[in-house]
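S.K.: Need the 3D shape of this:
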Amino acid sequence: DHRGDLVGRALRLIDEGVADDGGIARLAGRLHITERHLHRLFTTEIGVGPLAVARTKRLLLAKQLLTETGLPITDVAFASGFGSVRQFNATMKETYGFTPGELRATAGRNGGRAVADTSLTLRLHRRDPYDSGALLGFLRARAIPGLETVDETSYSRVVPGGTVTLTPLPGHVRLDVELDDTRGLARVVARCRRLLDLDANPQDIADALGRTSL
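M.R.: So this is what the prediction gives:
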């Protein structure tokens with residue numbers, strides 16, 4: 001499935017912030033295809049263009065940061081991949097009909113935090129059934145000393161400019177992250193989701209493997 005593979009690679013690059021940093025031109029360049037062909041692939045396989053996908057991902061992360069954290073709105077804008085606070089406000093208003101401040105007020109967040117506080121906690125959603133014990137065991141057996149720490153309940157890792165800790169809980173995985181610069185948060189979240197395979201559908205995988213005969 002060459003088209004599906006290209007779209008999958010493009011989605012991973014969007015998660016890495018390639019479209020935020022260099023636009024669709026850079027995204028197409030990384031895939032060694034033209035922008036026109038990339039747009040055609042996305043509209044055929046997903047139904048929308050790559051720019052719309054990148055914007056949706058930014059908005060979803062921004063909404064989560066506004067409702068689950070006290071990160072200032074200016075920091076939320078840059079942490080979720082927007083180029084400016086004005087662009088962030090306009091996009092939120094156009095897409096959802098309310099501003100970031102209005103959403104935060106509805107969520108009951110005061111939008112403040114101490115300057116020295118660089119820690120955030122987010123919920124990473126997943127699908128059931130999810131065998132977190134087996135996954136942590138796999139990671140624990142392969143942990144890199146000095147870089148990764150894994151016990152029976154959580155996984156921790158040093159990342160550029162900070163640390164992350166992932167703790168599987170009922171219905172979600174808790175992400176505790178400390179970063180010197182929150183502008184790298186979107187990449188960290190994407191890599192954590194990929195590390196724990198949180199976007200997979202376990203039931204589909206089980207059904208497919210269950211039909212496999214030795």
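S.K.: what about the strands in this structure?
M.R.: 119-125, 148-150, 155-159, 162-169, 172-179 (DSSP state E).
S.K.: What strands flank the third one, and is each parallel or antiparallel?
M.R.: Each strand pairing with strand 155-159, determined using DSSP bridges, is listed with its direction: strand 148-150 (antiparallel), strand 162-169 (antiparallel).
S.K.: which residue sits closest to the residue nearest the centre of the chain, ignoring its sequence neighbours?
M.R.: Centroid check for the chain by CA atoms, centre = their mean gives A190 as the closest residue, at 3.4 Å. Distance criterion CB to CB, 6 or more residues apart in numbering; nearest residue to A190, sequence neighbours excluded, is D15 at 3.5 Å. Where you see a C-beta, it was placed from the backbone N, CA and C, and this is true even at glycine.
S.K.: Correct me if wrong: that neighbour contacts K57.
M.R.: Yes. Using CB atoms under 8 Å, D15 is in contact with K57, at 7.0 Å.
S.K.: Over to G161: give its phi and psi.
M.R.: G161 adopts backbone torsions of phi 80, psi 10, taken as degrees, to the nearest 10.
S.K.: cool, and Y130?
M.R.: The phi/psi pair for Y130 (degrees, to the nearest 10) is phi -130, psi 110.
S.K.: So it sits against N201, correct?
M.R.: No. Using CB under 8 Å, Y130 is not in contact with N201, being 10.7 Å away.
S.K.: quick one: which of those two has more around it?
M.R.: Using other CB atoms under 10 Å as the criterion, Y130 and N201 rank with Y130 on top: 19 against 10.
S.K.: need the strands of the chain in TSV with mean neighbour count, can you?
M.R.: Supplementary listing: the strands of the chain in TSV, determined by neighbours: other CB atoms under 10 Å:
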stretch	mean neighbour count
strand 119-125	15
strand 148-150	16
strand 155-159	18
strand 162-169	18
strand 172-179	17
